[in-house]
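A.B. asks: Sequence below, structure please.
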Amino acid sequence: MTPVSMWLHLVKVTPSLLEEVRTRPSVLDALFFQGDAPPGFRPVADSFGHDHRTLRELAEDRARVEHGAGYWPTAFPWLARATGRGCAVVEGCGFRHGPAFVLPPDEVGQVAAGLAAERWSRTVRASDWDAGREVRDLDDLVPFFAAAGATGRAVLGGVN
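C.D. replies: Got it, this is the predicted structure:
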């Protein structure tokens, strides 16, 4: 039996678009699932996705080796936060594996710095975010958050 894929989806949004999502959760469909994108949202430039199972397995292995811990969210609290642990949720919106979550603009820069300190990317500057590249890998995680923080954006996410 083939395991079901679990994909982490993240998007960076303006504060006004975040408020629109909070009042009209159906907007999330357009952000994450290729609907009509809201004005100002750029599907490639404003999105990050990664296989959640691969990310979790890597985090578990690093936690064991680097911290002697088996529970990765304790060893890597910023990665846990970046993937939705302890975050506010968007009421009325869910993914296959839990609710949609939100990191407000004032936290996004902190998450970027924390992820960099936990060494989740080789590149850590906002300028390292390649807005035109469609295929992403784990090294794009910190620049994604750094770019969102540098432009005052919130990050919405979920696992599908």
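A.B. asks: can you give me the strands in the chain?
C.D. replies: Using DSSP state E, the strands of the chain run over residues 7-13, 47-51, 88-95, 98-103, 154-159.
A.B. asks: of all the ones you listed, which lies closest to Arg119?
C.D. replies: Each of the strands of the chain was scored for nearness to Arg119 using C-beta to C-beta, and the closest is strand 47-51 (16.1 Å). Just so you know, the C-beta spots here come from the backbone N, C-alpha and C atoms, and that holds for glycine as well.
A.B. asks: Mind checking the pLDDT average for the closest one?
C.D. replies: For strand 47-51, mean pLDDT rounds to 93.
A.B. asks: Can you say which of the strands of the chain is nearest to Ala147?
C.D. replies: When those are ranked by distance to Ala147, counting by C-beta to C-beta, first place goes to strand 7-13 at 7.1 Å.
A.B. asks: In JSON lines: the strands of the chain, plus distance to Trp129 and mean neighbour count.
C.D. replies: Conversion of those to JSON lines gives the following (distance: least, C-beta to C-beta, whole Å; neighbours: other C-beta atoms under 10 Å):
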{"stretch": "strand 7-13", "distance to Trp129": "9", "mean neighbour count": "23"}
{"stretch": "strand 47-51", "distance to Trp129": "9", "mean neighbour count": "18"}
{"stretch": "strand 88-95", "distance to Trp129": "23", "mean neighbour count": "16"}
{"stretch": "strand 98-103", "distance to Trp129": "16", "mean neighbour count": "20"}
{"stretch": "strand 154-159", "distance to Trp129": "13", "mean neighbour count": "24"}
